[in-house]
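>>> Provide a 3D model corresponding to the input given below.
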Amino acid sequence: MGKEGEAGVRPGLLQFYQRNKPEKVTFVDISLPGYEGAEVAGVSYDAAMREMHVIDERDKVHRGVPAFSVLYRAVGLGRLGRLVMWGPVRPLMDRGYAVFARNRPRWTGRGSECRTDSCAKKTR
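Numbers count the residues shown, from 1 in each chain. Coordinates of the predicted model:
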């Protein structure tokens with residue numbers, strides 16, 4: 001289960017993830033007013049806004065680059081999932097994702113809504 005919603009994931013990217021194995025991936029829109037992290041493995045809105053979270057089939061929460069690895073494997077992109085976790089590549093992926101996650105609101109067109117490291121949650 002991915003948690004991004006309006007946190008900067010484009011609809012085309014969501015469709016790409018769900019295309020091959022739609023039964024394997026359920027996305028939760030964290031931007032909706034009713035989102036309660038306690039109901040979704042304890043992942044708060046602020047935590048979900050800081051980085052990608054994926055909950056695997058055993059209800060284990062994965063964050064950051066490991067979350068993408070779990071997601072890729074679930075949708076049939078196991079080679080890509082293994083690549084991002086491979087020893088020589090992983091440090092680069094971690095640094096690259098850290099930069100992306102910090103700048104995602106600005107780079108995805110939500111900079112005016114996001115004055116700090118998180119975007120304000122919608123109330124309606």
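>>> who touches Gly87 in this structure?
Contact partners of Gly87, counting by CB atoms under 8 Å, 6 or more residues apart in numbering, are absent. Glycine gets a C-beta too; all of them are placed from N, C-alpha and C.
>>> my guess is it is in a strand, correct?
No - counting by DSSP: H, G, I helix; E, B strand; the rest coil, Gly87 falls outside a strand, being coil.
>>> What's the separation between Leu80 and Glu51?
Leu80 is 19 Å from Glu51, where distance means CB to CB, to the nearest Å.
>>> same question, Leu92
With CB to CB as the criterion, Leu92 and Glu51 are 17 Å apart.
>>> Those two: which has the busier surroundings?
Neighbours were counted for Leu92 and for Glu51 using other CB atoms under 10 Å; Glu51 has more, 19 against 11.
>>> Model confidence score at that one, please.
Glu51 is assigned a pLDDT of 90 by the prediction.
>>> got it, and Val70?
Reported pLDDT at Val70 in the predicted model: 94.
>>> That one against Val61, yeah?
No - between Val70 and Val61 there is no contact, the gap being 9.8 Å when judged by CB atoms under 8 Å.
>>> Counting neighbours, go ahead and name the busier of the two.
Under the criterion of other CB under 10 Å, the comparison of Val70 against Val61 puts Val70 first, with 21 against 18.
>>> Next, the buried residues of stretch 32-46.
Counting neighbours by 16 or more other CB atoms under 10 Å, one finds that the buried residues in stretch 32-46 are 35, 37, 40, 43, 45.
>>> Out of the residues you listed, list just those in strands.
Members of the buried residues of stretch 32-46 lying in strands (criterion: DSSP state E): none.
>>> Which of those fall within helices?
Per DSSP state H, helices hold the following members of those: Tyr45.
>>> now the buried residues of stretch 32-46 as JSON lines including distance to Val25 and pLDDT?
Output for the buried residues of stretch 32-46, formatted as JSON lines (distance: CB to CB, whole Å; pLDDT from 0 to 100):
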{"residue": "Tyr35", "distance to Val25": "18", "pLDDT": "85"}
{"residue": "Gly37", "distance to Val25": "19", "pLDDT": "81"}
{"residue": "Val40", "distance to Val25": "14", "pLDDT": "84"}
{"residue": "Val43", "distance to Val25": "16", "pLDDT": "91"}
{"residue": "Tyr45", "distance to Val25": "20", "pLDDT": "87"}
